[in-house]
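1. give me a 3D structure for the following:
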Amino acid sequence: MRFSPDSPKFSDENYENAKVILLQDVSPPSYQNVLDWMKITKDRHVAFDFWARGNYTRRLIYQRNQGTPPLLVRVSRLDEIQWAYRHLALSGLPIEFVYSGVNLPVRKCLDVTVFPNDLIIDAGWGYLAVPIDKKYKGHHLSWLLCNARFMPEAFLDWLVEEVSEEFVKGKVFISPDVEIGLDTQTTLLGLGVLATVTGGAPVISNYDVAKAIVELDIPYLDNMSSKQFRKFLADYEGELIRFQIAFRKVVTAKGKSEQQMTDYIEELKYEIAEFMIADKHNNVRKNIAKLGGVIGTFSASLAMAVSTDPNSMLPLVGAAGMGAAATSLLSLWNQAVEHERDMSKNPYYLLWKLGISKPSQIRKSSRPNLIEIPKTSVEQIQVPAAHHWLCPPTAGVQFVFAKK
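-> Numbers count the residues shown, from 1 in each chain. A predicted model of the protein is given here:
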């Protein structure tokens, strides 16, 4: 194990007051770092949560600095995320799925975790680690103490086993709404707050919260294995580039004139039609069929949020009990708005009718190992109360050692 070179030594600054600076330079997160960890541990939910407390904001800031806006998609079930990924992957934009299903209560957690020997410690805010003088298959072991609300393991199994290559490239991510300060179960428009911070675009399935501007038919592929789908995206990246550029212009446009938006939309419609029926893409469509896949379109609407007035932001984010995360998200939102006033204007939403053609067989996931701290020498250790992901992009874990 080693600490990230850009991580300062842990100070007495407490977790709750640690502020994220949106306008800073950060290195890209190492998705491979946490993927390798999740592959060797039975506690994927612990590894992912530990890594995200520092790397979630690193990802957000890095993508924002690179001008790489994500699509933000609310999901509550595994079959939804599988369906949505296949329907949006052709866009070429990173997709962040915001989980809004049933959440476990915040509990104090004690877990024996494998620390890979080559693990870079660049996160872990709110965690206390107590090293164990034993090894597991050559790797370090440690007690981890924290307060946590973990992601359901079935979603992390999908991340590791079905879209690992996309995850490593930063193309796919999953975050729990409550851990990033949102209350998407109450209102989907909270994704607009996150979109302002990231520069991305919300994708939602509720037609009642926004005013539709135009109907679109978005192409997608289905009936392929994960390996075939990944190979197609790699082999035909050049065939998709014009559609992807046009799609990006439309869904990330802010503060554009009505004429400019009209031009963007017409460009996108043209590129969709070209991909679906033009002779120059015949070979692409034939090869899709050879792989046993099908190409189709799903209906979506480009829309504008009803209101994103600054005074209306608070109800859209964290509700009672999520104060620390909600406060941090609003701080990032204010920083984004102050940096670029146009970003406070209504973001565009992509609306769709979320449907699932072939619900997947989902294996039952195990519950996270949430237990009461036993009466041992660690019971007196005070674990930081906060547990959210909107903490600085540095190492925040504290290591506890006993004096001999």
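2. quick check on the residue nearest to S30 when sequence neighbours are not counted: phi, psi?
-> Excluding the flanking residues, the one nearest S30 by Cβ to Cβ, 6 or more residues apart in numbering is I120, at 6.2 Å. C-beta here means a position set from N, CA and C on the backbone, and glycine is covered the same way. Summarising the backbone geometry of I120 under the convention degrees, to the nearest 10, its torsions are phi -90, psi 120.
3. give me the number of residues near I120?
-> Taking other Cβ atoms under 10 Å as the criterion, the count of residues near I120 is 19.
4. distance of it relative to V397?
-> Relative to V397, I120 is positioned 12 Å away (Cβ to Cβ, to the nearest Å).
5. list the contacts for I95?
-> The neighbours of I95, taking Cβ atoms under 8 Å, 6 or more residues apart in numbering as the test, are 70-71, 73, 84-85, 88-89, 171-173.
6. residue contacts, Q24?
-> With contacts defined as Cβ under 8 Å, 6+ apart, the neighbours of Q24 are I61.
7. ramachandran angles for it?
-> With angles defined as degrees, to the nearest 10, Q24 sits at phi -140, psi 160.
8. could the C-alpha coordinates of the top helix by length along the chain be exported in PDB?
-> The residue-count maximum for a helix in the chain (DSSP state H) belongs to helix 44-66. In PDB, the C-alpha atoms belonging to helix 44-66 read as follows (Å, rounded to 0.1, in the frame of the first residue of the first chain):
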ATOM      1  CA  ARG A  44     -17.100  -5.000  -2.600                       C
ATOM      2  CA  HIS A  45     -19.600  -2.500  -1.000                       C
ATOM      3  CA  VAL A  46     -16.900  -1.600   1.600                       C
ATOM      4  CA  ALA A  47     -14.100  -1.200  -0.900                       C
ATOM      5  CA  PHE A  48     -16.200   1.000  -3.200                       C
ATOM      6  CA  ASP A  49     -17.500   3.200  -0.400                       C
ATOM      7  CA  PHE A  50     -14.000   3.700   1.000                       C
ATOM      8  CA  TRP A  51     -12.600   4.600  -2.500                       C
ATOM      9  CA  ALA A  52     -15.500   6.900  -3.300                       C
ATOM     10  CA  ARG A  53     -14.900   9.100  -0.300                       C
ATOM     11  CA  GLY A  54     -12.300  11.200  -2.000                       C
ATOM     12  CA  ASN A  55     -12.500   9.800  -5.600                       C
ATOM     13  CA  TYR A  56     -16.100  10.700  -6.300                       C
ATOM     14  CA  THR A  57     -15.200  14.400  -6.200                       C
ATOM     15  CA  ARG A  58     -11.900  13.700  -7.900                       C
ATOM     16  CA  ARG A  59     -13.900  12.100 -10.800                       C
ATOM     17  CA  LEU A  60     -16.400  15.000 -10.800                       C
ATOM     18  CA  ILE A  61     -13.700  17.800 -10.800                       C
ATOM     19  CA  TYR A  62     -11.500  16.000 -13.400                       C
ATOM     20  CA  GLN A  63     -14.300  15.400 -15.900                       C
ATOM     21  CA  ARG A  64     -15.500  19.000 -15.400                       C
ATOM     22  CA  ASN A  65     -12.000  20.300 -16.100                       C
ATOM     23  CA  GLN A  66     -11.700  18.100 -19.200                       C
END
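9. and that helix, which residues are buried?
-> Applying a neighbour-count criterion of 16 or more other Cβ atoms under 10 Å, the buried positions in helix 44-66 are 44-64.
10. and the closest residue to S100 other than its chain neighbours, how many neighbours does it have?
-> What sits nearest to S100 in space, not counting adjacent residues and going by Cβ to Cβ, 6+ apart, is T184, at 4.2 Å. A total of 25 residues lie near T184 under the criterion other Cβ under 10 Å.
11. residue contacts, T184?
-> When the contact criterion is Cβ under 8 Å, 6+ apart, the partners of T184 are 74, 98, 100, 177, 190-191.
12. in helices, which of those fall?
-> The subset of these that ends up in helices is 190-191, with DSSP H as the criterion.
13. adding distance to A129, write the contacts of T184 out as JSON lines.
-> Shown next, in JSON lines, are the contacts of T184 (distance: Cβ to Cβ, whole Å):
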{"residue": "R74", "distance to A129": "33"}
{"residue": "V98", "distance to A129": "28"}
{"residue": "S100", "distance to A129": "30"}
{"residue": "D177", "distance to A129": "27"}
{"residue": "G190", "distance to A129": "33"}
{"residue": "L191", "distance to A129": "34"}
